[in-house]
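**Student:** 3D model of this:
(chains A and B)
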Protein chains: 2
Amino acid sequence: MTGSARLLAAAHRQPVDATPVWFMRQAGRSLPAYRRLRQRYDLLTLARTPELCTEVTLLPVDALGVDGAVLFADIMLPLEGMGVPFRIEPDVGPVIPDPLRRAADVARLRVMEAEAATPYVFQALRLLRPALGDRAALIGFAGSPFTLACYLVEGRATRDYPRTRAMVHGAPRVFEALMTTLTEVVTRYLVAQVDAGAQVVQLFDSWAGVVSAEVYDRQVRPHVARIFAALRGRAPAIYFATGAAHLLGSLAATGSPGLGLDWRVPLDEAWDRIGPDRFLQGNLDPAVLLAPWPVTAHATREVLRRAGGRPGHIFNLGHGVDPATDPGRLAAVVDLVRQVTAAGGAGGEPLSPGAPPPAATARGPR
Amino acid sequence: MTGSARLLAAAHRQPVDATPVWFMRQAGRSLPAYRRLRQRYDLLTLARTPELCTEVTLLPVDALGVDGAVLFADIMLPLEGMGVPFRIEPDVGPVIPDPLRRAADVARLRVMEAEAATPYVFQALRLLRPALGDRAALIGFAGSPFTLACYLVEGRATRDYPRTRAMVHGAPRVFEALMTTLTEVVTRYLVAQVDAGAQVVQLFDSWAGVVSAEVYDRQVRPHVARIFAALRGRAPAIYFATGAAHLLGSLAATGSPGLGLDWRVPLDEAWDRIGPDRFLQGNLDPAVLLAPWPVTAHATREVLRRAGGRPGHIFNLGHGVDPATDPGRLAAVVDLVRQVTAAGGAGGEPLSPGAPPPAATARGPR
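**Tutor:** Below you'll find the model as predicted:
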C-alpha cells in the first residue's frame, strides 16, 4: 500500500499492510533542515509563505518515511481573519496582547470566509497535494474552539486557564457567544482545508482537560460536535486532547470518528472505554525518544501490543516531537512499527534489548 | 465542635457537627493584610521568619473562619538542606538555576536533619500551635518527591516535564536515586512537622499527572508509599495531585488515608472508584469564586451534594485560591458550608438564586 492509502484505510478502520505512522510536530525543530530555514525565517513567515510551508511540510516525508504529512501551520492562524492580533514568542507560544474578557470584546470578532482570511494556508495545501502524490496522506488541522478561547481569554498559555474557567462559570453567555463564533471560524477553516486537498483533519484541544466532564458536556461538547458534523462525509477527523483522561467518554460523544490519545492512558483501556467504532491515534510518550534505543523500541512495541492489531490504529506520539529528538530515532521508530505490524499485528518477536536501531541511519534528513 | 476537632474528626472519618473547611493558598494574595506584608517582605522572607510566618498563617483563621490553618511555606524549602540553590520568581514560581540532569548531580545531594535544614519551619509551627488553640487544626505540608524532582530536573515549571519523563525512561537508576533521596528528605521534613505541632499534613503532588499509571505505579508510588507509612499513627495525611484522574486508583494505593481532589472529578465518582475507607478533600473549582455569588453558592452546594453527607469529607477548593478572589466570598463559602451541613448533610433547602451571600461582610480581614 502507499503511505496515503495506508493512513486513510486505518482512518476508515479497514485492513492495512502495516500500521500507518506520523508524528505530531514532525515538521519542526528536530529536523536540521528545518532549523536551517528558521535561521532565515520566523515561524509565521514559514507558515504564511506557501512555497516555504510546502517545503517544511514535505521535509519529514522524505527524511522519516512517515505515512502522513501534516501541514506546517499554527493553531492561531484563523485569528487573522477575526481581527485579533497575536504573535508567537519563542519559549512562550501564542501571545494575545489584548485578551478578550467582556461581551463587547467577543461581539467585535469577525467571521470571514476562510480562503479570504488565510489564503496562504489553502495555497500551500494545493501545492502539497500533487507534490505528495500517494507517498503520504495530507493532514490538515485546527485548534479547537475551547483551546482558542483559552488563549483569547487568558492572553497566553497558563497552567489551567483560571480566567477562562471564570468566564465559563461567571459569564456563560459571553463564553457561549465566543464559542459559537470560534466554532463557525474553525468549521469554515477545516472544511476549506478539505476542499483544498487535506485528506484527514485533526482538531487539537490542548486545554480541554482543564474542565470537568459536566462543564465539557454542557458548554464545550455541543460546539465541537458541530465541527465534526460538518466534516462528516468530507474527510476523516481526529480529535486530540491532552490530560483529558477524565473526559474520554465525552470526547468520543462529540461524534469524531477518530481520537488521538496522549501517553497517559493505554490504547487498549481507551478502546475499551469508548467502544470499537472509533479509530485511535497514538500514543508513544515523546520523552521515550530521548532514552536509549532499547527503551524506545520496547515502548514502541508496547504501544503496538496495546493496539493489538485492531483495525483503525494510526501510530503517533502522545504529544509533539521534542526538539531535542534525533531524527534518526524517529526514522527508526517508523521502520520498527512497519516491521512489527507487517509481520502480523503486534505478535512479532521482541527485539533483543541490545539490538541496534533498525535502519536508523538509512535515511538522513535531506 | 471546635474547628480543630471538626477537621480532625473528618480526617478520621468520624461524625462532625458540620463539614470542616479550609482553602489551599488561603494565607495568600487574596487577603489585603497579606498584600500589605508582601510590600515589605518577599515570599521567602515571610516563610523564613517564624513570627511573620505565624502571622500570615493565622490571617485566614481570623478573616475567614476556616477550620484548618495551613502553614505558610513553599514546597521548595526542604531543598535548603540539600545544597540546591533556588529562588521564587513572581509569575514564574520556583527556579533552580542549576538543574539536576546527571548521576553526579544527584549523588551530590545532601540529606540533613530537617530541624537543622529549615529550623524556622519548626519554630513557626511551635509558635502557631498555642496561638491557634482549638480554633483550627494546624496543617503542615510538603511537595512530593516526584513534584520536587520535576522542578529539580527541569529547572522550572513546564507544561508536562519532558526532561523528567526522559530521565524516568532513559536513566531510571538516576531517577530512582533522586526519588530515594527526596523521599528521605520529605519524610524527615513531614515527621518533624508533626513533632513540632502539625496535626494534619498534606503532600502536594502537583505534577504526578504527567506520567501514566504504569510509570507511576512502578517508579513513583513505592516512594510515596514510604512517606505515608512513616506518617501512619503520627498524623492524618492528605495526598493531593492535580490533573491526575487517570491515576486515582494508584494514588489511593499509596496508603494515604486521605486524598485531595481537583475540580475535574466529582467527589462521588472518586469515592466510588477508591472505596469508602478514605477521607476526601475538595473540590470546588476556585474559578467559581470569581463568578457571581449565586453561581458560587450553587457550585458549593453541588460539591456538598456529591459528598452526600458521608463521614470523611473536608471541604476545600480543587486548587489554590486565585489571587483575584474577594476574601468576603471565601468567608461566605465557609458560612454556607457550615449552614448547609449543620442542617443535616447536603439535604438543606437550596438558597434562592438571588439571595445575598450569607454574612459576606460579617468578618473582614483583621
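
**Student:** What is the neighbour count of the residue in the stretch 201-350 of chain A that chain B sits nearest to?
**Tutor:** Among all residues of the stretch 201-350 of chain A, residue A:291 sits closest to chain B, at 3.0 Å; criterion: CB to the nearest CB. For glycine as for every other residue, the C-beta is placed from the backbone atoms N, C-alpha and C. Residue A:291: 22 surrounding residues under other CB atoms under 10 Å in any protein chain shown.

**Student:** likewise residue A:257?
**Tutor:** Close neighbours of residue A:257, defined as other CB under 10 Å, add up to 20.

**Student:** Repeat that for residue A:113.
**Tutor:** For residue A:113, using other CB under 10 Å, the count is 11.

**Student:** Nearest residue to it in space, please, no chain neighbours.
**Tutor:** residue A:188 (6.8 Å; CB to CB, 6 or more residues apart in numbering or on different chains).

**Student:** any idea how far chain B is from that neighbour?
**Tutor:** Here residue A:188 is placed at a distance of 29 Å from chain B (CB to the nearest CB, to the nearest Å).

**Student:** The residue of the stretch 201-350 of chain A closest to chain B against residue B:166, yeah?
**Tutor:** Yes: if you go by CB atoms under 8 Å, residue A:291 and residue B:166 touch, sitting 6.3 Å apart.

**Student:** Read off the pLDDT value for the nearest residue to residue A:77 once chain neighbours are set aside.
**Tutor:** Nearest residue to residue A:77 in three dimensions, chain neighbours excluded: residue A:118, at 5.2 Å (CB to CB, 6+ apart). Residue A:118 is assigned 98 on the pLDDT scale.

**Student:** just for the stretch 251-366 of chain A, where's the confidence low?
**Tutor:** Counting by pLDDT under 70, the stretch 251-366 of chain A shows low-confidence ranges at A:344-366.

**Student:** Near chain B, which residues of it are found?
**Tutor:** A:263-266, A:285-288, A:290-292, A:295, A:299, A:319, A:322 (CB under 8 Å from any CB of the partner chain).

**Student:** one more time with 7 Å, if that's ok
**Tutor:** Within the stretch 251-366 of chain A, the positions adjacent to chain B are A:263-265, A:285-288, A:290-292, A:295, A:322 by CB under 7 Å from any CB of the partner chain.

**Student:** now those residues in a markdown table, with secondary structure?
**Tutor:** Formatted as a markdown table, these follow (DSSP: H, G, I helix; E, B strand; the rest coil):
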| residue | secondary structure |
| --- | --- |
| A:263 | coil |
| A:264 | coil |
| A:265 | coil |
| A:285 | coil |
| A:286 | helix |
| A:287 | helix |
| A:288 | helix |
| A:290 | helix |
| A:291 | coil |
| A:292 | coil |
| A:295 | helix |
| A:322 | coil |
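
**Student:** which of the residues you listed count as buried?
**Tutor:** A:263-265, A:285-288, A:290-291, A:295, A:322 (16 or more other CB atoms under 10 Å in any protein chain shown).

**Student:** So residue A:163 sits against residue A:154, correct?
**Tutor:** Yes: contact criterion CB atoms under 7 Å: residue A:163 and residue A:154 qualify, at 5.3 Å.

**Student:** Now do the shared contacts for the two.
**Tutor:** Taking CB atoms under 7 Å, 6 or more residues apart in numbering or on different chains as the contact criterion, residue A:163 and residue A:154 have no common neighbours.

**Student:** now the strands for chain A?
**Tutor:** With DSSP state E as the criterion, chain A has strands at A:68-70, A:87-89, A:93-95, A:137-143, A:200-205, A:237-241, A:258-260, A:279-284, A:313-317.

**Student:** picking up where we left off before, ok, the residue nearest to residue A:113 to residue A:108 distance?
**Tutor:** Using CB to CB, to the nearest Å, we find residue A:188 at a distance of 18 Å from residue A:108.

**Student:** For the residue nearest to residue A:8 when sequence neighbours are not counted, give the beta-bridge partners.
**Tutor:** For residue A:8, ignoring the flanking residues on the chain, the nearest one in space by CB to CB, 6+ apart is residue A:137 at 5.6 Å. When bridges are called by DSSP bridges, residue A:137 pairs up with residue A:68.

**Student:** Hmm, residue A:137 is touching residue A:199, no?
**Tutor:** Yes: contact criterion CB under 7 Å: residue A:137 and residue A:199 qualify, at 4.6 Å.

**Student:** thought residue A:189 was touching residue A:112?
**Tutor:** No: Residue A:189 is beyond contact range of residue A:112, at 10.1 Å (criterion: CB under 7 Å).

**Student:** So which of those two has more stuff around it?
**Tutor:** Ranked by neighbour count (other CB under 10 Å), residue A:189 and residue A:112 place residue A:189 first, with 25 against 15.

**Student:** Identify the residues contacting the more buried one.
**Tutor:** A:78, A:114, A:142.

**Student:** Between those, which sits nearest residue B:98?
**Tutor:** residue A:142 (40.5 Å; CB to CB).

**Student:** Next, count neighbours for the closest one.
**Tutor:** So residue A:142, with other CB under 10 Å, has 26 neighbours.
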